[in-house]
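Q: here is the input, now give the coordinates:
(chains A and B)
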Amino acid sequence: MGKLTKVARWIDYRLPFFSFIDHELRAYPTPKNLNYWWNFGSLAGITLVVMILSGIFLAMHYEPNTKHAFDSVEYIMRNVNYGWFLRYLHANGATMFFIVVYIHMFRGLYYGSYKAPRELLWILGVVILLLMMATAFMGYVLPWGQMSYWGATVITNLFSVFPFGESIVEWLWGGFSVDNPTLNRFFALHYLFPFLIVGVVVLHLIALHQHGSNNPLGIERKEPRDSIPFHPYYTVKDLFGLGIFALVWSYFIFFNPNFFGEPDNYIPANPLVTPPHIVPEWYFLPFYAILRSIPNKLLGVVAMFSAVFVLFFLPWLDTSKVRSAIFRPLYKWFFWGFVVDCFILGCVGAHSPDYIYTSLGGLSNQTLGQITTLLYFAFFFIALPLLGRYEKTKPLPHSLSEPVLSKHTKIKITTLFIFLFWGSLSPLYGTDAAPLPHESWSFQGPTGTFDRTELQHGFQIYKQVCSACHGLKQLRFRDLAALGFNSEEIKALAAEYKVETIDDEGNVIEKPALPTDVISGPYKNEEAARAANNGALPPDLSLITKAREGGANYVYALLTGYETVPPQDVHLAEGMHYNPFFPGGQIAMIPPLSEGLVTYSDGSQPSLNQMAKDVVTFLSWAAEPELEERKRMGYRVLIYFLVFTILMGFVMKQVWSKVKP
Amino acid sequence: MTEETLISPSPSKKEPTRRDFLILTASAVGAGGAAYFAWPFIDSMNPAADVLAQSTVDVDLSPILLGQAITVVWRGKPIFVRRRTPEEIKAAEQVPLSELIDPETDQARVKKGHDEWLIVVGICTHLGCIPTGNKPTQNRGKYGGWACPCHGSLYDTSGRVRRGPAPLNLAIPPYTFLNPSHIRIGVEEISHG
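A: Take a look at the predicted model:
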């Protein structure tokens, strides 16, 4: 403080800003033995800030209106500078936030961080979790895809089990179904809640600084040498952790941005059709599994809410006086069992209720869900109270400086656990969907780029074949410049299409489209499209490879998988065609590709497989025109954070070299 | 305030340079990263690709009669396209530059060989109101050009400011003649290639 300038001193005398920073962020005495599990609190704080920042910038372009919401998200992805980055940062950020917060909570559970005098600290944390869940849910509704819409419908309907439930749900909706008023209020609240979270985080930190952090040994600090100042020891350790965290987050943003997403959410919301397999985001899966495993509406909802609210009572359910699991030989196993149980619940939630685990002796998903739900609550209501009474704990050390476990044993235990853990879960993996043949694509993998020839050929096929029924309304003609067309060629292409406009006298007239117009489909509206196609609606193809499970492989399989003679047990409806890759096997689209249908500019006539490959490559580009830029930027970001992490690692080594264990 | 805490991170006397160097490098890398991270956020507020793409507009001049003017929208701004009468051109050309607030010849404000056509951004250079006078029925002020309703600035038949408070003449947008009856606003020259 002696170095403060006169101005700072003047301010500090009136508003103790600098003293506060110095006291709470620099000198703040912290246990010297915190391990890396203690990094996740600061990571959660940083994630919150990044989420608020990216959210504010996304809100500048997003339109909370049912007619425009879906398209405005695509507008952000395609037209706003770095819009795809902001959106993927934000969407994957939600996942990262929950990963970090769940680890943070499991750490608290393992080391007994919720025990006296830190009960309120824990309870405030649970409040943050609840607010996060509400915020994440409402945020997921905003893109207004199929999952958004049906997620909103299902979650709001949970409230119908309460007294006056109907009225509550209609009040939540602002109507008689999820509609524009719902979307509007969800947007307003999605913007508000993060700031409520910030408020509770401040309280959480005040409560934390009252008694300081718990530590792996779970004993209070007794002597001054047990503590070290927060800065630089933990600031640099947190920065090192941030580097690793940023590497993981960046990987998903730049190289696997839709890993945690659902293809169905790239289909615009349709209030009349529920997707066949609806699932919440992964961070709600365990709670969703609890809801589903109880075959009674009221009890299921009560059980699901209880699964979260039970956390409020954790400080009193756990009757043991010893905090850290290191000294609780039995609790330790119950804890890991509970972690595994939560993961299994997650898997149960991800599969459909009728799913059968053949590798587990024909165990049904419903039964597994019921067992694991029972175990979930047994942990809180049976194991925790009884363990405190009957468990024989190990003697506690006298100070933080007394070594308890050698590092070597710790590592062994962790490794053993990880192997056991993944081993135990392996039968739960696997999807419900039929396998697809895998094609090799020019754009796949971390370094793949679109093959320009395939793109141009693919566009030619789209134009000569697909465009008879399908539009590409998220694309504009000028976007075709990425395929290698020059501005004159694009202008000529656009001019082949007609757009409606109004002349000086108010008449609707048609004029040639401009490069800035969208590549619309041949039909004026959905009714016209259905009337022309035997009642079926040819979907817009802009996002088709993102909107179908299996992506490019699925579209390729569909285009090449028609069978002229259906299997004997299949009775084709009038005007339908048999295609085993289409859900249900019956598709209205006639086999669109056949040999000799197009001639490429080099005079060659492509085979059917080559045509399918070209057009799927083109459609993959149409769905992800940012793919190449994204990967390029991704490499720069990964290299940067690698350097950042290594540097912080060195600084940390230097700084910590003075601290004695 | 006590200056040193218990185990202070004071630099060891043996190798202060190595430690300083490390911390300095780490800080520089951190600061550079923060700036790099900030850029996508800042850039996202710039005009988006579709806004930039719509930065030219073609205007058909043939329906505009002598003495009339039309307003077209270019980049969200009103553009006045006026077909001047010989008298108006003459009046604009004859004003001595010394009488002007923002001296500029009439020839400098039209394309060579297209004296008839005056194309200006219809936004008063004072505080952004739209002057009246584009329609013959509206007040054109005593200089025969445009009159701003907000603070009384007057413009002549060359779009030059003749009475304040506006400090500058009406701006000339970039435009080019595609042929004698068509202009494209937004580009100074058409590239053929």
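
Q: from one end of stretch A:492-504 to the other, what's the distance?
A: Length of stretch A:492-504, first residue to last, C-alpha to C-alpha, to the nearest Å: 25 Å.

Q: so how far is that stretch off the chain centroid?
A: Stretch A:492-504 sits 41 Å away from the centroid of its parent chain (C-alpha atoms, centre = their mean, to the nearest Å).

Q: just checking, next helix/strand downstream of the helix or strand bottoming out on mean pLDDT in chain B?
A: Least confident helix or strand of chain B, by mean pLDDT, DSSP states H and E, is helix B:49-53 with a mean of 81. Under the assignment DSSP states H and E, the closest C-terminal helix or strand after helix B:49-53 is strand B:57-60.

Q: which parts of the following helix or strand past that next one are buried?
A: Next helix or strand after strand B:57-60 toward the C-terminus (DSSP H and E): strand B:69-74. In terms of neighbour count (16 or more other C-beta atoms under 10 Å in any protein chain shown), strand B:69-74 has its buried residues at B:69, B:70, B:72, B:74. In short, each C-beta sits where N, CA and C put it, glycine included.

Q: which ones are touching the second one?
A: Meaning residue B:70. Going by C-beta atoms under 8 Å, 6 or more residues apart in numbering or on different chains, residue B:70 touches B:59, B:64, B:80, B:81, B:134.

Q: give me the pLDDT for it.
A: Turning to residue B:70, the model gives it a pLDDT of 89.

Q: name whatever forms a beta bridge with it.
A: The partner list for residue B:70 in beta bridges (DSSP bridges) reads residue B:81.

Q: and it, how far from chain A?
A: Residue B:70 sits 10 Å away from chain A, going by C-beta to the nearest C-beta, to the nearest Å.

Q: same question for the last one.
A: Taken as C-beta to the nearest C-beta, the spacing of residue B:74 relative to chain A amounts to 14 Å.

Q: who are the neighbours in contact with that residue?
A: Going by C-beta under 8 Å, 6+ apart, residue B:74 touches B:55, B:56, B:57, B:173, B:185, B:186.

Q: what is the mean pLDDT for the longest helix along chain B?
A: Using DSSP state H to define each element, chain B has its longest helix at helix B:16-43. What helix B:16-43 shows for mean pLDDT is 87.

Q: for that helix, packing partners?
A: Using 3 or more C-beta pairs under 8 Å, 6 or more residues apart in numbering or on different chains; DSSP states H and E, the elements in contact with helix B:16-43 are helix A:40-59, helix A:83-110, helix A:627-656.

Q: tally of neighbours for residue A:368?
A: Using other C-beta atoms under 10 Å in any protein chain shown, residue A:368 has 21 other residues around it.

Q: could you dump the buried residues of strand B:69-74 into a markdown table with distance to residue A:98 added?
A: Putting those into a markdown table (distance: C-beta to C-beta, whole Å) gives the following:
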| residue | distance to residue A:98 |
| --- | --- |
| B:69 | 61 |
| B:70 | 57 |
| B:72 | 52 |
| B:74 | 48 |
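
Q: list the buried residues for stretch A:459-476?
A: Neighbour count says stretch A:459-476 has A:459-463, A:465-467, A:469-476 buried, by 16+ other C-beta under 10 Å.

Q: and stretch A:169-187, by the same measure?
A: So, applying 16+ other C-beta under 10 Å, buried residues of stretch A:169-187: A:169, A:172, A:173, A:178, A:179, A:182, A:183, A:186, A:187.

Q: specify which member of these is nearest to chain B.
A: Of all the buried residues of stretch A:169-187, chain B sits closest to residue A:187, with 18.4 Å by C-beta to the nearest C-beta.

Q: contacts only, for the residue of the stretch 501-650 of chain A found nearest chain B.
A: Nearest to chain B, among the residues of the stretch 501-650 of chain A, is residue A:647, at 4.6 Å (C-beta to the nearest C-beta). By C-beta under 8 Å, 6+ apart, the contact set of residue A:647 is B:22, B:25, B:26, B:29.

Q: over to residue A:557?
A: Neighbouring residues of residue A:557 by C-beta under 8 Å, 6+ apart: A:436, A:437, A:550, A:581.

Q: next one: residue B:162
A: With contact taken as C-beta under 8 Å, 6+ apart, residue B:162 is in contact with B:99, B:100, B:101, B:141, B:143, B:145, B:154, B:155, B:156.

Q: pull the number of nearby residues for residue A:323.
A: By the criterion of other C-beta under 10 Å, residue A:323 has 25 neighbours.

Q: pLDDT value on it, please?
A: As predicted, residue A:323 sits at a pLDDT of 94.

Q: ok so it is a helix residue?
A: No. Residue A:323: not assigned to a helix; according to DSSP: H, G, I helix; E, B strand; the rest coil it is coil.

Q: residue A:115 is in contact with that one, correct?
A: Yes. Residue A:323 sits in contact with residue A:115 when judged by C-beta atoms under 8 Å, with a separation of 5.2 Å.

Q: could you pull out the helices for the stretch 101-250 of chain A?
A: Ranges of helices in the stretch 101-250 of chain A, per DSSP state H, counting those that start in this stretch, are A:119-141, A:146-157, A:165-173, A:180-211, A:230-255.

Q: can I get those in CSV including distance to chain B and mean pLDDT?
A: Below are the helices of the stretch 101-250 of chain A laid out as CSV (distance: least, C-beta to the nearest C-beta, whole Å; pLDDT from 0 to 100):
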stretch, distance to chain B, mean pLDDT
helix A:119-141, 18, 97
helix A:146-157, 22, 93
helix A:165-173, 32, 93
helix A:180-211, 16, 96
helix A:230-255, 5, 95
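
Q: most tightly surrounded among these?
A: Of all those, helix A:146-157 carries the top mean neighbour count, a mean of 22, counting by mean count of other C-beta atoms under 10 Å in any protein chain shown.

Q: keeping just the C-alphas, turn that one into CSV.
A: Backbone C-alpha positions of helix A:146-157 (Å, rounded to 0.1, in the frame of the first residue of the first chain) are rendered in CSV as follows:
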residue,chain,number,x,y,z
GLN,A,146,-37.5,-27.9,-32.5
MET,A,147,-35.7,-28.8,-29.3
SER,A,148,-36.1,-25.2,-28.1
TYR,A,149,-39.8,-25.3,-28.6
TRP,A,150,-40.5,-28.7,-27.2
GLY,A,151,-38.1,-28.3,-24.3
ALA,A,152,-40.0,-25.1,-23.4
THR,A,153,-43.3,-26.9,-23.7
VAL,A,154,-42.2,-29.9,-21.5
ILE,A,155,-40.4,-27.9,-18.8
THR,A,156,-43.2,-25.3,-18.4
ASN,A,157,-45.7,-28.1,-18.2
